[in-house]
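> structural data only, the sequence is not supplied:
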């Protein structure tokens, strides 16, 4: 039998965190709870709601059908409570211990997180940052439920409840491994190609671009993350078509040679995206301001 009087917001916060992390201990640590305290809180919540709530599997703690049914509503209402309290309480970067959640792809972590973290921690030494890296299809719900405060990347959420700002536009450039470039002019119709197509962004467009250019049969390796590309270019005599900012950084570091050719995917908008719930949140306003100052470029 359900007993609502036994439930407080801390228990509901734990419920949401376990669902997000798949771990009682990790969820508890995020809330400042010890392992015994976390287990005890989960037991209280199970008793109050009359349901096991989670089943332990090899993949972690998996919500029961009952938990899956109540989680969306709980997340929505808790996000509303948090938005109300934070908008009234204000934000002092010098003393705040707030945790900001970002949604960045793997490439986004490489391109944005180092400078962003350095600036944030310099101005707000006690806050914490976490990247939740939500898939594109789930990003609107992630921002709506405030599992992430902002998202940055090649994303376009043209929805009434979403707000977005173009930071800059990036094109796709062709790079080659130093060993391949040393042999002379690179002919992409003869070279081995590495195709990196993260599913969270423009995977289909990148695949289609290779087909339009007649290069589909030159792809020798497909990857879903950019992180291993430098090592692959150090190992293989190959070329790749990648976002221009990433291409320039690889070339600057000596890990690749930037070729004069440009891919025909057009200049894609790199956006800062947030939900209307955080529009007037002082902390989120502060964070968005830092992102804009660091990464926004003149679009004229």
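All right, it came through fine. Just so we're clear, the structure is a prediction, and the values are computed from it rather than from any experiment.
> how many neighbours does residue 132 have?
Neighbours of residue 132 under the rule other C-beta atoms under 10 Å: 15. Backbone N, C-alpha and C define where each C-beta goes, glycine included.
> equivalent analysis for the one 10 residues further on, please.
Other residues near residue 142 come to 20 when the count uses other C-beta under 10 Å.
> so who does the closest residue to it other than its chain neighbours touch?
Nearest residue to residue 142 in three dimensions, chain neighbours excluded: residue 134, at 3.9 Å (C-beta to C-beta, 6 or more residues apart in numbering). Applying C-beta atoms under 8 Å, 6 or more residues apart in numbering, we find residue 134 in contact with 103, 142, 147, 148, 151, 200.
> most neighbours, which of the residues you listed?
Result: residue 151 is most packed of the contacts of residue 134 (other C-beta under 10 Å), 29 neighbours.
> hey, what's it bridged with?
residue 103, residue 273 (DSSP bridges).
> how close does it sit to residue 111?
14 Å (C-beta to C-beta, to the nearest Å).
> doesn't the residue nearest to residue 142 lie inside a strand?
No - read with DSSP: H, G, I helix; E, B strand; the rest coil, residue 134 is coil and lies in no strand.
> got the phi/psi numbers for it?
phi -80, psi 140 (degrees, to the nearest 10).
> distance of it from residue 191?
35 Å.
> just to revisit the earlier point, measure the residue nearest to residue 142 to residue 73 for me?
Residue 134 sits 19 Å away from residue 73, taking C-beta to C-beta as the criterion.
> could you do residue 284 as well?
In terms of C-beta to C-beta, residue 284 sits 23 Å off from residue 73.
> tell me which of the two has more neighbours.
Higher neighbour count among residue 284 and residue 73: residue 284, with 23 against 9, using other C-beta under 10 Å.
> ok, and the closest non-adjacent residue to that one?
Computed as C-beta to C-beta, 6+ apart, the closest residue to residue 284 that is not its neighbour in sequence is residue 278, at 4.0 Å.
> and the one you found, how many residues sit next to it?
24.
> is it in contact with residue 146, as I believe?
Yes - look at residue 278 against residue 146 with C-beta atoms under 8 Å: they come within range, at 7.2 Å.
> give me the mean pLDDT for stretch 120-134.
For stretch 120-134, mean pLDDT rounds to 93.
> next one: it to chain centre, how far?
Here the centre of stretch 120-134 is set off from its chain's centre by 13 Å, with C-alpha atoms, centre = their mean, to the nearest Å.
> brilliant, that's me finished.
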